[in-house]
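**Student:** Structure of the sequence below:
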Amino acid sequence: MLAIEHVRRLKARYFRCVDGKDWSGFGALFAADARFDISADLPGGVFVGPSAIARVASEGLQGAVSVHLGHSAEIDITSDDTAEATWGMEDLIRWDDGASAPLRSLHGYGHYHETYVRQGDRWYIKSLRLTRLRLDVVRR
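**Tutor:** Numbering: from 1, shown residues only. Model prediction:
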């Protein structure tokens, strides 16, 4: 149960860091070889490593206010040092008038499919794949 709580708190930090635009803290959540697959939103959008992951997230959310929510977590501990989870998700992103994003707003629903690894006494996101059930957008 303690490992499940560590994974739950890791994902809570993910949401807090991305919405608070704490890119250093966000990057620190990922394993050195982490894989971030957002190809459901961005064709070809698979990024590897904390720096690349933090860079693409920060660039995509530049000039935006975002709210990311995760719920209904199904967390399985697969070994002493690994876990996997599926999270229901909802995100709402609104870009400022001056932002270069092609959208004015996005409201999405779907799932995060993730794996985790424990290194020492810390858990990290090893892989993240976003799938969408619905995506409502307002274009500029």
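**Student:** can you give me the strands in the protein?
**Tutor:** 30-37, 46-48, 64-79, 82-95, 103-119, 122-139 (DSSP state E).
**Student:** Distance to Val7 and mean neighbour count added to the ones you listed, as CSV?
**Tutor:** Quick note: C-beta positions are derived from backbone N, CA and C, even for glycine. CSV is the format used below for the strands of the chain (distance: least, C-beta to C-beta, whole Å; neighbours: other C-beta atoms under 10 Å):
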stretch, distance to Val7, mean neighbour count
strand 30-37, 13, 18
strand 46-48, 21, 17
strand 64-79, 5, 14
strand 82-95, 5, 18
strand 103-119, 5, 18
strand 122-139, 6, 15
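**Student:** So for Cys17, which of those sits nearest?
**Tutor:** strand 64-79 (9.9 Å; C-beta to C-beta).
**Student:** Can you dump the C-alpha atoms of the closest one in CSV for me?
**Tutor:** Taking Å, rounded to 0.1, in the frame of the first residue of the first chain, the C-alpha atoms of strand 64-79 are listed here in CSV:
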residue,chain,number,x,y,z
ALA,A,64,-1.5,29.2,-21.5
VAL,A,65,-3.3,28.5,-18.3
SER,A,66,-3.9,24.8,-17.8
VAL,A,67,-5.8,22.6,-15.4
HIS,A,68,-5.0,18.9,-15.5
LEU,A,69,-7.0,16.4,-13.4
GLY,A,70,-6.3,12.7,-12.8
HIS,A,71,-8.8,10.4,-11.2
SER,A,72,-9.9,6.8,-10.9
ALA,A,73,-6.4,5.5,-10.7
GLU,A,74,-5.8,1.8,-11.3
ILE,A,75,-2.4,1.2,-9.8
ASP,A,76,-0.7,-2.2,-9.8
ILE,A,77,2.7,-2.8,-8.1
THR,A,78,4.4,-5.2,-10.5
SER,A,79,7.6,-5.9,-8.5
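**Student:** okay, the angle between that strand and strand 82-95?
**Tutor:** Calculated by axes from the mean of the first three to the mean of the last three C-alpha atoms, to 10 degrees, strand 64-79 forms an angle of 170 degrees with strand 82-95.
**Student:** coming back round to it: for Lys11, which of the strands of the chain is the nearest?
**Tutor:** Using C-beta to C-beta, those put strand 64-79 closest to Lys11, at 5.6 Å.
**Student:** Kind regards, and thank you for your time.
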